[in-house]
Every structure is written in C-alpha cells, then in structure tokens.
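Colleague: sharing a sequence plus its predicted fold:
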Amino acid sequence: MTSDPTGRFAGRRIYLTGAASGIGLATARLLAGEGAALALVDVNEAGLRAAAKETGGHPFVVELRDGEAIDRSVQAAGEALGGLDGVVNCAGVALSAGVDVMDPADWDRVLAINLTAPYRVCRAALPLLKAEKKASIVNVSSGAALVPSNGGASAYAASKGGLISFGKMLAAETAPNIRVNTICPGVVDTPMTAFALRGDPAVATAFLGAYAMRRAAEPVELAEAIAFLLSDQASFITGITLSADGGRSFH
Ligand SMILES: NC(=O)c1ccc[n+]([C@@H]2O[C@H](COP(=O)([O-])OP(=O)(O)OC[C@H]3O[C@@H](n4cnc5c(N)ncnc54)[C@H](O)[C@@H]3O)[C@@H](O)[C@H]2O)c1
C-alpha cells in the first residue's frame with residue numbers, strides 16, 4: 001500500500017493490538033496510509049502476517065493473556081521503531097453467557113484480554129512514551145460499557161467499563177505529555193458481530209433497531225475516530241470517552 005510520508009502520522013511510531021482483524025486491521029491500514037510506522041500485535045499469526053505485508057508494519061505474535069510476552073513485545077517494538085509515541089489497545093473478545101451459568105474461567109479470560117492486557121501494554125509502554133515530548137494512547141472499549149444490551153454480556157461490559165475508568169485515571173496520571181482517551185464503538189461489521197449481523201435477518205433487524213442510524217458501522221469508520229484521538233488534531237483532548245455508535249447510547 002502507499003504510505004504518505006507527509007501524512008498526519010508521518011514520523012509517528014504506534015503499537016497497535018488486534019491488528020489482524022476488524023477495527024484493528026482497518027486502523028492499521030489508515031495509520032500506515034497516513035505515514036505511521038507500526039508495531040502490529042495479535043495472536044492470529046496468519047492474519048497478522050497479512051496485515052504486516054499490506055501495511056509495512058512489524059508483526060508481533062502475542063497472546064495478550066501473557067503479561068511477560070506483552071513486556072517483551074513492547075520492548076522489541078520500541079527497538080524496531082526507534083521509540084514509541086502511540087498505543088492503540090484494540091484487541092478484545094466478546095462473550096455471551098448469563099451470570100448464573102458462566103464458567104468463572106470465562107469471566108477471567110474476558111477480563112484478562114479486555115482489561116488486564118491494555119493495562120500491561122500501557123505499563124510496559126509508559127517509559128517509552130514518557131521519553132517523547134507528546135504521546136497518545138487510545139483504548140477501545142464498547143457501548144456495552146455505557147448501555148446494557150439484552151443481557152448475557154456481564155463479563156464483557158465489566159471489562160469494558162473497567163477500561164473506561166482505567167483510561168481516565170491514566171490520563172490524570174500521565175498528563176500533560178501523554179494523552180489517554182477511550183472509544184466506545186456501537187455495532188461494527190466485523191467477525192465479532194457476524195453472529196448477529198450475518199445470521200437470521202430478523203435478529204439483525206432487531207439488533208440494529210437500537211441504533212438511530214439503523215445500520216452497523218464499517219470498521220474504517222471506527223478507525224477514523226481512533227486516528228483522530230491519536231493525532232495532534234486532538235491535542236487538547238484527554239481522559240474522554242467518545243461514543244462512535246450511530247446513535248445508540250447518546251452518551
Ligand atoms: N465489532 C463491534 O461491534 C464492536 C463493538 C464495540 C466494541 N468493539 C471492540 O472493538 C475491538 C475490536 O473488535 P473487532 O470487532 O474488530 O473484533 P475482531 O474479532 O474482528 O478482532 C479482534 C482481534 O483481537 C485479537 N485477539 C483476541 N484475543 C486476543 C488475545 N488473547 N491475544 C492477542 N490478540 C487477541 C483477535 O485475534 C482479533 O484479531 C474489541 O476490543 C471489541 O471489544 C467491537
């Protein structure tokens with residue numbers, strides 16, 4: 001792909017999780033196209049290699065439940081890119097199971113990937129980000145953290161709600177040099193939501209009925225919102241939670 005050396009992210013070095021699929025992949029494409037150098041992180045090795053080939057990013061195959069593997073990847077990313085001034089925590093997993101029937105191991109897995117991993121990534125990246133005059137972190141939460149859906153997503157909502165609170169506290173801790181913001185997507189057409197959008201049309205219509213815009217987002221629409229918060233265009237914005245949800249939460 002063509003990368004614009006004079007683009008909005010020229011000279012920027014960004015560590016991005018979840019880069020093999022969906023919103024993370026769209027974000028990798030957008031950032032690379034606008035000149036960023038990328039460390040692409042995911043557990044899906046084949047998807048990650050394809051993303052790296054397309055965007056010119058450095059691939060790091062990481063299981064994000066492994067905190068020490070995160071530490072090693074952040075270190076290696078900093079060495080490969082000559083520092084870091086951006087982080088996007090986009091990897092995540094969904095789970096649908098009522099509280100009474102959910103296996104506690106599933107609760108732990110969702111919290112580990114959606115909440116503890118972003119903390120570990122930020123913890124490992126802070127020394128590198130602090131070495132820069134300005135740096136930016138964007139965490140990808142969910143509208144499920146703001147408005148309950150049909151139920152069955154308690155672990156997911158708790159992990160994403162925790163991520164919002166974590167981001168606010170981190171923004172307070174790391175200002176003024178590092179900005180930290182959170183995105184809450186509504187439904188986006190990715191493998192994560194295929195069960196709702198690509199199955200029974202009646203289910204999809206009911207699902208989308210909760211959205212004023214009555215449609216799912218394309219991944220690139222979320223990538224644009226992430227890129228905005230990551231960029232200097234958002235230079236006076238920190239600690240916020242931005243809904244990009246087609247009118248679901250009116251947060
Ligand atoms: N799609 C939606 O409607 C929607 C809505 C709200 C929030 N989100 C959030 O957006 C983010 C991206 O979701 P998406 O829709 O692009 O999903 P996706 O399933 O297309 O992509 C998620 C990526 O995370 C990676 N990942 C998952 N567990 C991992 C682990 N343990 N270690 C390393 N990588 C791991 C997957 O391999 C995958 O590439 C997630 O945090 C999700 O919760 C999505």
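Modeller: Done, it's in.
Colleague: switch to C-alpha atoms for all contacts and neighbour counts from now on
Modeller: Fine.
Colleague: packing partners of the helix or strand containing Met169?
Modeller: Element membership for Met169, per DSSP states H and E: helix 154-174. Under the contact criterion of 3 or more Cα pairs under 8 Å, 6 or more residues apart in numbering; DSSP states H and E, helix 154-174 touches helix 104-111, strand 178-185.
Colleague: buried ones in the first one?
Modeller: Pointing back at helix 104-111 there. Buried residues in helix 104-111, counted by 16 or more other Cα atoms under 10 Å: 107, 109-111.
Colleague: again, but for the last one
Modeller: Under the neighbour-count criterion of 16+ other Cα under 10 Å, strand 178-185 has 178-185 buried.
Colleague: which other helices and strands does that strand contact?
Modeller: Of the remaining helices and strands, those touching strand 178-185 by 3+ Cα pairs under 8 Å, 6+ apart are strand 135-140, helix 154-174, helix 219-230, strand 241-244.
Colleague: that older thread, including mean pLDDT, could the helices and strands packed on helix 154-174 go into TSV?
Modeller: Compiled in TSV, these are given as follows (pLDDT from 0 to 100):
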stretch	mean pLDDT
helix 104-111	98
strand 178-185	98
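Colleague: out of these, nearest to Pro5?
Modeller: For Pro5, the closest of the helices and strands packed on helix 154-174 is strand 178-185, at 23.8 Å, according to Cα to Cα.
Colleague: name the next helix or strand downstream of the closest one, please.
Modeller: As assigned by DSSP H and E, the chain's next helix or strand after strand 178-185 is helix 194-197.
Colleague: quick one: buried residues of that following helix?
Modeller: By 16+ other Cα under 10 Å, the buried positions in helix 194-197 come out as 196-197.
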